[in-house]
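K.L.:
Need a 3D model of the sequence below.
(chains A and B)
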Amino acid sequence: MLTPVAAPAGDGPGNPWFSWRYVHENADTIGEALRFHAGLTAQTVLLALVVAVPLAVVAYWIKPLTAPILALSGILYTIPSLALLSLLAPLLGTTSTTSVLVALVMYALLVLVRNSLAGLTQVPPEVIDAATGMGYSRSGRLLRVELPLALPGILTGLRLATVSTVALVTVGSLIGQGGLGDLILGGFRNNFYKAEILTGTVLCVGLALVLDLLLAGLGRLLTPWTRGRAT
Amino acid sequence: MSYLHEGIVWLNDPLNWSNPGGLLDRLTEHLLISLWAVLLGCAVGWPVGIWLGHRGRGGGAVITVANLTLAIPTLALLTILPLTPLGFGKPPVVVALAVFAVPPLLANAYTGLRSVDPETREAARGMGLSGGQLLRQVELPLAVPYLAAGLRTAAVQVVATAALAALVNGGGLGQIISAGFGIGMSNGGGGQIVAGGLAVALLALLVEALLALVQRLVTPPALRARKRRRTGVTVTTG
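P.N.:
Purely as a prediction, here's the structure:
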């Protein structure tokens, strides 16, 4: 067990929870970690979205595939992130971002598939009947009617996936690819340097909240018909 | 898949199981930490969820709490809590894991009590049951499937995240993985990393399967027919 030692030299007395001096002197490192964290989150969510929506459509169109796809996603979701990362890292490189990216995409994928499918199955049958009656083909109906109506579900999934991805990126610090997680773990290893730990944590939670708000705003813009309806 | 092979070879060495700090040691540690965390989570989440559900208030707050914890990295709590008066060693790890066990327990307890048919509640009131009797004799028995579902989600979550404790030397099976990275890939640590990963993944799946069975057993047949599956919030294993 590690024991706490005195605060790092040059930090004045004690080991404060927050220090402007630390933030000022390490602005480059902090900025780089934040950029890395946000970039990895964006890559993960976009990649997962590109794969998840078609997969949900397949599960929606081909009913016998729905149950297996959901069951498989449930099992994969149970596998702990650290285990997944330790199984992927030896294959994809123990210091490469790819290992973290693949693990993150897998988790985000599962949230997105489930929510997109839930959104698609919630489209009322009357609406589908009406669209068919108006002469829409299957793909036309999907693009013009079903996907737009499933948008609230997809957006809920997108928000959940984004927030949990921001938190999960920190696990990448196992192989030194954790963005702000590297700051948190770095502070831990650096004689429990509280300012470094807390700066990483606050930025991480802040990033999640900002992205969540942005997506909520995007959702309001994209689904104007849900506004004003009592939910 | 030479790495997978190395992992199997590592697992086939009995010494790796019985060593001090070997698989068996770490497994016991992992299960003990998880058990205490789940118990602590139940002690907090269930009474609050049941009370809120009984009173029919605070649904918004329950959802907010559940969503907020989603944004907190487990790693952050694991590093911050030892610096609080909790001190070092196992207690901060248990508390950090319990924090993530509370939302599913709380939300499912709340949903379970709210999902009791209002007519049933009315009938019980009409028969002269007091608030406490209503809770004990009607609402709680009907909410058991939800309580079990919450317990299952929370326990799987805790067992999965307990692996992260290794990042801060907190013990558990994750320690096998981090020790593997400590040895390094070039020195043959790969096998140990893969073996640790397999052990952690298998344990999580095993707990999930076991508790799914428990959930089925405690659900009365009459409620089973309505096909109540896992409900409430799903929280990321992080």
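K.L.:
which residue packs closest to B:A66, ignoring adjacent ones?
P.N.:
In space, and not counting its chain neighbours, B:A66 is closest to B:P103: 4.0 Å by C-beta to C-beta, 6 or more residues apart in numbering or on different chains. C-beta: built from backbone N, CA, C; applies to glycine.
K.L.:
contacting residues around the helix or strand of chain B with the lowest mean pLDDT?
P.N.:
Lowest mean confidence among the helices and strands of chain B (mean pLDDT, DSSP states H and E): helix B:221-224, at a mean of 72. Under the contact criterion C-beta atoms under 8 Å, 6 or more residues apart in numbering or on different chains, helix B:221-224 has outside partners B:L142, B:P145, B:R216.
K.L.:
for stretch B:78-94, same thing?
P.N.:
Stretch B:78-94 has contacts (C-beta under 8 Å, 6+ apart) with A:1-4, A:184-185, A:187-188, A:192, A:194, A:197-198, A:201, B:33, B:36-37, B:40, B:95-96, B:162, B:164-165, B:167-168, B:170-172.
K.L.:
Got a quick PyMOL command for the buried subset of these?
P.N.:
Filtering the contacts of stretch B:78-94 down to the buried ones (16 or more other C-beta atoms under 10 Å in any protein chain shown) takes a single PyMOL command:
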select buried, (chain A and resi 184+185+187+188+192+194+197+198+201) or (chain B and resi 33+36+37+40+95+96+162+164+165+167+168+170+171+172)
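K.L.:
Show only the entries of the contacts of stretch B:78-94 found in helices.
P.N.:
Among the contacts of stretch B:78-94, DSSP state H puts A:184-185, A:187-188, A:194, A:197-198, A:201, B:33, B:36-37, B:40, B:95-96 in helices.
K.L.:
re the thing from before, helix or strand right after the helix or strand hosting the residue nearest to B:A66?
P.N.:
B:P103 belongs to helix B:90-114 when assigned by DSSP states H and E. Note on helix B:90-114: by DSSP H and E, the next helix or strand toward the C-terminus is helix B:118-126.
K.L.:
Which residues outside the next helix or strand after that next one are in contact with it?
P.N.:
Tracing the chain C-terminally past helix B:118-126 and defining elements by DSSP H and E, one meets helix B:131-133 next. Here helix B:131-133 makes contact (C-beta under 8 Å, 6+ apart) with B:H54, B:A124.
K.L.:
buried ones in the longest helix anywhere in chain A?
P.N.:
Ranked by number of residues, the top helix in chain A under DSSP H is helix A:27-61. Of the residues in helix A:27-61, those with enough neighbours to count as buried (16+ other C-beta under 10 Å) are A:30, A:33-34, A:36-38, A:40-41, A:44-45, A:47-49, A:51-53, A:55-57, A:59-60.
K.L.:
Below-threshold pLDDT in chain B: ranges please.
P.N.:
Applying pLDDT under 70 to chain B picks out residues B:1, B:224-238.
K.L.:
how about the strands in it?
P.N.:
Counting by DSSP state E, chain B forms no strands at all.
K.L.:
follow-up on the earlier one: near the residue nearest to B:A66, how many other residues are there?
P.N.:
27 (other C-beta atoms under 10 Å in any protein chain shown).
K.L.:
next one: the one 3 residues further on
P.N.:
When neighbours are counted by other C-beta under 10 Å, B:L106 registers 30.
K.L.:
Tell me if I'm right that it and B:T64 touch.
P.N.:
No - contact between B:L106 and B:T64 fails when scored by C-beta atoms under 8 Å: they sit 11.2 Å apart.
K.L.:
nearest spatial neighbour of B:D25, skipping sequence neighbours?
P.N.:
Using C-beta to C-beta, 6+ apart, the closest residue to B:D25 is B:N19 (7.4 Å).
K.L.:
now the helices: where do they sit in chain A?
P.N.:
Ranges of helices in chain A, per DSSP H, are A:20-25, A:27-61, A:63-78, A:81-92, A:97-121, A:125-133, A:138-141, A:147-169, A:180-189, A:194-222.
K.L.:
Tell me which of those helices lies nearest to B:G59.
P.N.:
Closest of the helices of chain A to B:G59 is helix A:147-169, at 17.2 Å (criterion: C-beta to C-beta).
K.L.:
With just CA atoms, put that closest one into PDB.
P.N.:
Coordinates of each C-alpha in helix A:147-169 appear next as PDB, following Å, rounded to 0.1, in the frame of the first residue of the first chain:
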ATOM      1  CA  LEU A 147     -36.100   7.500 -38.600                       C
ATOM      2  CA  PRO A 148     -37.300  11.000 -38.000                       C
ATOM      3  CA  LEU A 149     -39.900   9.700 -35.500                       C
ATOM      4  CA  ALA A 150     -37.200   7.500 -33.900                       C
ATOM      5  CA  LEU A 151     -35.000  10.600 -33.500                       C
ATOM      6  CA  PRO A 152     -35.900  11.300 -29.800                       C
ATOM      7  CA  GLY A 153     -34.900   7.700 -28.900                       C
ATOM      8  CA  ILE A 154     -31.600   7.900 -30.900                       C
ATOM      9  CA  LEU A 155     -30.800  11.200 -29.300                       C
ATOM     10  CA  THR A 156     -31.400   9.800 -25.800                       C
ATOM     11  CA  GLY A 157     -29.000   7.000 -26.700                       C
ATOM     12  CA  LEU A 158     -26.500   9.500 -28.100                       C
ATOM     13  CA  ARG A 159     -26.600  11.600 -24.800                       C
ATOM     14  CA  LEU A 160     -26.200   8.500 -22.600                       C
ATOM     15  CA  ALA A 161     -23.400   7.100 -24.800                       C
ATOM     16  CA  THR A 162     -21.600  10.500 -24.800                       C
ATOM     17  CA  VAL A 163     -21.700  11.000 -21.000                       C
ATOM     18  CA  SER A 164     -20.700   7.500 -20.200                       C
ATOM     19  CA  THR A 165     -17.900   7.600 -22.900                       C
ATOM     20  CA  VAL A 166     -16.400  10.700 -21.300                       C
ATOM     21  CA  ALA A 167     -16.300   8.900 -17.900                       C
ATOM     22  CA  LEU A 168     -15.000   5.700 -19.500                       C
ATOM     23  CA  VAL A 169     -12.100   7.300 -21.400                       C
END
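K.L.:
Understood, closing this out.
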